[in-house]
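*Asks:* Dropping a prediction and its sequence here:
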Amino acid sequence: MFDTEVQRILDYVGHGIGVRIVGAPGSGKTTVASSAVFNLEKTGFTIHAVAGLRTHRAIPYAAVKGLGMEMRPGRSGVLDLADVLASQLAKAGKHLLLVDDIHLLDNESLAVLEAVRQQSAAPMIATAPETHAFTRGELAVLNQGREAILQLDPLHYEQVHALVARVLGGPADIDTTARILTKSGGNPRLVVRIAETASLSNLLVRRDGSWQMSGTSLWNDHLRGTVEALLAELPLEDVNALHSMAILGTARIDVLQKIVSADALDSLERQGFLSIMDDHHNGTIAAISPPVIVDYFRGRRTLRDRHMLRTKIAGMLDSTPQVPGIEATTADCLTRVLSALRSERGNDDAVTARHFHDHSAVRERSRFERWEINKTAANAAALLRVYWGAPVDPVRAARVLEETSTHDADPSDLLFLTITKALLAIQAGGLSAAVEVLQQFAEAHPEQKAEANAAIQFLSASHGRVPQPDAGSSPYAESSEEKPGTLEVLTQALVELYRGRPLEALRIVDAAEDDELFPHLRPFIKGFGLFAAGRIDESLVFALDWRGEARKNLDQFGVVTSSYVAAHGLLYSGHFDEAEYLMSSVFAMGRPGFVVDILYDAMLRLAGLRQATTTTTATVSIAAQARAGVPDVGPLPGVGKGVYVLIAKENQQPAVFDRQASRLIKRQLRSGYALEAMMAALLFTCLVPGRQVLDLLQRILRGSGVTVHDPFMAIAAAVVEGDHQLLGLLLKHYGPDADVYQIGMLLRSALKRRVVEGDNVAAEALAKASSSFAARFPSANEQLAFNTFEASSLTEREIEVAALAGYLSNVEIGERLRISARTVENHISNALRKTGATSRTSLFILVGNTFPPK
């Protein structure tokens, strides 16, 4: 989990630079420091560890005496202890000073360490809270020599998923992982404690191979001590402020200041117990962080006490709400939106998810109460619209549809209820049941037959197959006397997108208006149409601006839809860290409602692709949380599971992969899903370039009318045909375009394939071409390296040796890794046998293009 952070510490210490590890309580500071120390000890470092304890802060020399230094009688002052410790650090060999929880050290121990650091150049690793205001004594110890700062941020969804699986011995489902992330705020200690205590309390049960919630809450009495430890350092005023805020819930800052003093709010924010964010009224709101503290306070008092406190708070909050401001957004700068996304990564997406949940729950509850009083179609539509973005309560939704009176209902409300009923029918009886619902509606309401038929086509194309362009007469033809409705036009645009004709989809959607039934259908088609047409940067700016507006409006439907479009643009450009954060923030909200739930599953599979292409060890993939009972092909990338399943297969040979990939693409084309086929073929060509897939990709692109990939296709053809002279000319005259990242990946993957197949001549030519291309177009983003056709995974030591075998001798490798030259030779022989490489150079090329750098 902390491999990257530990490696950074090792690199810093290796260059004689000390490290200060900062993070919130429970963020893993001690774990990271211990892991780094464990690795340093293996390389010959002698560790001198000093640990601070809360109960020992008032005991002089408590921390340094824990080192067990031998002192002469009568000589136990600050300088005496410092001289002994400094002499130990001056002994032959490599030494490291470890100070865990420096903020808990007594003053005398700090004085000793200050004197030692003035006498010794040994690097120091220290841990401290990120919000701690250091004393002069602590700063005197820290600010000696060179130092790097390592910030431990809250965990994201994928990390929580892996940690929960490790704790419980198996993966948790989507809703459980999202709930644990939301309650813990991404704090590793709380993630572990919530998962452990919930399983002990039978709040988590294992069904069908995954851990699931047995109720609606994960709070249990076993968590009380963990939360009390978090609050142990807070003064009474801050604890009381948290209690009042827990009863009140998320609120604007100006409202909170009426019940909580400004000093208490500042103190809580400084110590990390308050998260500040902008709301959809362009105001500033605050929420307790981590959210599990809210459950702690809400469970301490009796129901009567909570009612009294809530009444008291409500009486103080009679204020005029803020007037929403008008803010226009323009999609004009990719740098701007990427910078905004990266800065957002420092925020607490668990608290943001909780804010979305609270907002949706309030809307759902109030609208349900309104419907119970007056069961009109308008009230029912208002309630059910919540379920199109937020999680669905299927029992309540079915009851509303059954008991709502449709007498004198507005036609648009009636159509909305019918489509919602059809969406529920899909979950219960499949596509045919949904089509039957809409057909019955069309027969009963002939005046809305066109809209009902458009909805049928929308659902049929999204859940079944896309009709051929010439299949029957189209109601959307320009020669039609009656102007089609907005839903009809947008459905036709969506079908054209599914067919892999993004330029036609963009032409239709640019002339269409927004649809009230599907408010995000038009921007979705435009955003993904731009992406499919090769206008990647435009698509990214459009989608990220749209996502930012949806987050401000607490619109989960819009966040999921825009994030799906933006994730594709980020992945295509190689911005994997940004894409993983973006999808993680969506996963933290839990499974969404109607329509967009398939996009949620698609993003789970997209998030699993990077792991599937880079890992050589069996790990719990986040893609396993996507629903398995879906077809292999789908209308959009990731909706069908076939691409992910193929890439995640182990021990495939390139030729076998090429045959299976071409077979899958043909199935996608037979279903009419040319868009998915085009994106799958592009990915397969970049990962495992082969003749069959490339031929299919050329055919699909010709039919799509998209020409921006022509330079990529010419380079790919030269790579597959082995025409290295033509490849050199094409790369020499190549100018950077939207496919520059894909070309780099293509060259690396082709190089690896030639090495695996033993074609050393082609491998050397491709190695030269790949290196030259990387030098001309350096990328700050990690290149995917495909591992599925590894003959056998190498051990960690074999990987280390192979990574050095291309430019160091056996003796030099042995000196660097502190092993004998004979052992190096054995590791190289084993690696050659496992991978099938024919030389040290081929082995170095293969490993260097397979395993991401550590």
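*Replies:* Right, received. Where do you want to start? Numbering: from 1, shown residues only.
*Asks:* Give me the below-cutoff pLDDT ranges for the stretch 701-850 of the chain.
*Replies:* Filtered on pLDDT under 70, the stretch 701-850 of the chain yields the residue ranges 779-794, 835-838, 842, 845-850.
*Asks:* one more time with 50, if that's ok
*Replies:* 788-792, 849-850 (pLDDT under 50).
*Asks:* Quick check: N240 vs T250, distance?
*Replies:* Distance, N240 to T250, using C-beta to C-beta, to the nearest Å: 18 Å. Placement of C-beta: from N, CA and C, glycine included.
*Asks:* mind listing what the residue lying closest to H463 once chain neighbours are set aside touches?
*Replies:* Once flanking residues are discounted, H463 sits nearest to L431: 4.8 Å by C-beta to C-beta, 6 or more residues apart in numbering. With contact taken as C-beta atoms under 8 Å, 6 or more residues apart in numbering, L431 is in contact with 459-460, 463-464.
*Asks:* Show me what the helix or strand harbouring N830 is packed up against.
*Replies:* Secondary structure assignment for N830, by DSSP states H and E: helix 821-835. Under the contact definition 3 or more C-beta pairs under 8 Å, 6 or more residues apart in numbering; DSSP states H and E, helix 821-835 sits against helix 796-804, helix 810-817, helix 840-848.
*Asks:* wait, doesn't G145 sit right on G18?
*Replies:* Yes: if you go by C-beta atoms under 8 Å, G145 and G18 touch, sitting 6.1 Å apart.
*Asks:* So between these two, which is more surrounded?
*Replies:* When neighbours are counted by other C-beta atoms under 10 Å, G18 comes out ahead of the other of G145 and G18, with 22 against 15.
*Asks:* quick one, what contacts the more buried one?
*Replies:* 12, 123-126, 145-148.
*Asks:* do the same with A90
*Replies:* A90 neighbours (C-beta under 8 Å, 6+ apart): S120.
*Asks:* ditto for T404
*Replies:* Contacts of T404 by C-beta under 8 Å, 6+ apart are 371, 375-377, 379-380, 417.
*Asks:* Please name the nearest non-neighbouring residue to it.
*Replies:* Nearest to T404 is A380, by C-beta to C-beta, 6+ apart, at 4.1 Å.
*Asks:* just A681 next, same as before
*Replies:* L697 (3.8 Å).
*Asks:* Got the confidence number for that neighbour?
*Replies:* L697 is assigned a pLDDT of 96 by the prediction.
*Asks:* ok, L606 touching L571?
*Replies:* Yes: the pair L606 / L571 is scored as a contact, 6.6 Å apart, by C-beta under 8 Å.
*Asks:* so what sits against both of the two?
*Replies:* With C-beta under 8 Å, 6+ apart, L606 and L571 have common neighbours A579.
*Asks:* what residues are up against the nearest residue to T376 once chain neighbours are set aside?
*Replies:* Excluding the flanking residues, the one nearest T376 by C-beta to C-beta, 6+ apart is S405, at 6.3 Å. By C-beta under 8 Å, 6+ apart, the residues touching S405 are 375-377.
*Asks:* can you give me how far stretch 422-433 is from the chain middle?
*Replies:* 31 Å (C-alpha atoms, centre = their mean, to the nearest Å).
*Asks:* Show me which positions of it end up buried.
*Replies:* Using 16 or more other C-beta atoms under 10 Å as the test for burial, stretch 422-433 gives 422-426, 431.
*Asks:* What of stretch 353-360?
*Replies:* Using 16+ other C-beta under 10 Å as the test for burial, stretch 353-360 gives 353-357, 359-360.
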